[in-house]
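J.: Below: sequence and its predicted model.
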Amino acid sequence: INVSNVGSIETDGALSHGVILQSIGGGGGAFLSDSSDITVAANADNSGNGGDIHFDQTGDVIALGDGSIGILAQSLGGGGGFINRIFMDTAGGAGTSGAINLNVNGDVAATGENGVGIFAQSRGATSQGNIDIQFAADKRIIVGDSGVGVEISGGKENTFVNDGIVFAATTIGSPDGIAVRGSEGNETITNNGTFYGNVDLGTGSNSLTSAEDASVYSGNTLFIGDGADQFFTNRGSLSLGDTTTSYTTDLTGSYVQSATGELDISIDAANDGIDLLHITHTADLQGKLNIIMENVALLKAGQRDLTYLRADEGILNQNMELVAPVSAVAQYSFVAEPAAAAEAAPMSFFAVADAVPPVAAAISMDVSYSGFGTLNNNQTAIGSYIDRVQAAGSSPELAPMITGIFALPTSTELAAAYDSMSPEVYTSSQR
């Protein structure tokens, strides 16, 4: 199949797919019904080979109904097809499946319940073709929080190059949908634009690379693969979840952040909650760690260590620049965690075990409205009073003042602000 379409496509209603492309060897096709009482029994007696599919789309594809797929492409060996969304696969007979190549230059929206933007499947019992998807710059794939932006099923050596935006959420601030999902093929995913949502690349040998100037706004899951050699390489920016609450993202695989990469971490001043990136294998950290403060009006005085990253098999390198808000009342620094030395091997007086890399990374945040010893007695007294007020929970009426104090970058400006609150200014002017 070789199809090129210029123009927009729009459908509405349940299971109203925008584009359907099928090459099925051994019989099968598509069955759509409004019945909920359907039983599927696949017949593996058929045999035949699915062919290659090449599709170029210029223009938007909008599929608004529940269960709808924007672009659906299937190459299947041994029969098969799809029945509603209950069954989408080969029937299991003998045969091979072909290569699928999709070039999409237009918005794709599948905003109904369980919508899928692009679904590409190459499945056959004997062998499976490669799946390659290219999505153009300045274009958007939009699905809801129950949807999948791009789904790759089967195939062999598969690629998805995103130059646009894949948005898998119902609302901004909740990346709960799946931006990209793979299966048993080897998925090589390149993000040159924006991913907003979870990533699950399946059981193959996989990688995700996010380019310089690209962005990933992760949900709770970044599943690259079970092995330590399955990497998420971040050369752009990674933000965990939303920026209004502390958020944990579980990354299955290993994480490499390059010298151009940035990790955005939010701290919730209301409860000292902090975003956490949990990595099942190793981490190699360069670039920047950006601290974003939320609910500053509730920030309490005192020092605390806050863990923002854990790597179960160790942090192999930690050479990040800390970029934090500049404030006269808050100080930030990395917490030094020396590598623990393993015990020497038994029965040896000479062998020294390799140092064990740390498994956690933390920052220290120290807050003092008293100015860390830079203020005079009257100014310090005002700061100490604010320390006590914040410890007691502050109040909505004080929120603008506390937020303004936190925004002061220098002790000189802090002193001037406190002088404006002090009776010392009034009494000195009367002498």
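T.: All right, it came through fine.

J.: pLDDT weak spots in the stretch 201-350 of the chain?
T.: 242-244, 337-350 (pLDDT under 70).

J.: Show me the helices in it, by range?
T.: Per DSSP state H, counting those that start in this stretch, the stretch 201-350 of the chain carries no helices over any range.

J.: if you skip the residues just before and after it, what's nearest to residue 327?
T.: Excluding the flanking residues, the one nearest residue 327 by CB to CB, 6 or more residues apart in numbering is residue 406, at 5.2 Å. Any C-beta I mention is one placed from the backbone N, CA and C, and that applies to glycine too.

J.: Residue 14 against residue 68, yeah?
T.: Yes - under the criterion of CB atoms under 8 Å, residue 14 makes contact with residue 68 at 7.2 Å.

J.: More neighbours: which of the two?
T.: More crowded of residue 14 and residue 68, by other CB atoms under 10 Å: residue 68, with 27 against 15.

J.: Now do the contacts for that one.
T.: When contacts are counted by CB atoms under 8 Å, 6 or more residues apart in numbering, residue 68 is found next to 11, 13, 14, 15, 16, 17, 18, 110, 112, 115, 116.

J.: again, 10 Å this time
T.: By CB atoms under 10 Å, 6 or more residues apart in numbering, the contact list for residue 68 reads 11-18, 62, 85, 109-116, 147.

J.: In a helix, residue 382, correct?
T.: Yes - counting by DSSP: H, G, I helix; E, B strand; the rest coil, one finds residue 382 located in a helix.

J.: Look at the residue nearest to it when sequence neighbours are not counted and give its secondary structure.
T.: Nearest non-adjacent residue to residue 382, counting by CB to CB, 6+ apart: residue 418, 4.5 Å away. Recorded secondary structure, residue 418: helix (three-state DSSP).

J.: is it true that residue 418 touches residue 386?
T.: Yes - here residue 418 reaches residue 386: they are 9.0 Å apart, a contact under CB atoms under 10 Å.

J.: which residues do these two both contact?
T.: 369, 370, 405.

J.: Look at the last one and say how many residues are nearby.
T.: Residue neighbour count, defined by other CB under 10 Å, stands at 22 for residue 405.

J.: Secondary structure element for it, which one?
T.: Using DSSP states H and E, residue 405 falls within helix 399-406.

J.: Show me what that helix packs onto, helices and strands only.
T.: helix 377-391, helix 411-421 (3 or more CB pairs under 10 Å, 6 or more residues apart in numbering; DSSP states H and E).

J.: Redo these as a markdown table? Include distance to residue 361 and mean neighbour count.
T.: Compiled in a markdown table, the helices and strands packed on helix 399-406 are given as follows (distance: least, CB to CB, whole Å; neighbours: other CB atoms under 10 Å):
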| stretch | distance to residue 361 | mean neighbour count |
| --- | --- | --- |
| helix 377-391 | 27 | 17 |
| helix 411-421 | 29 | 16 |
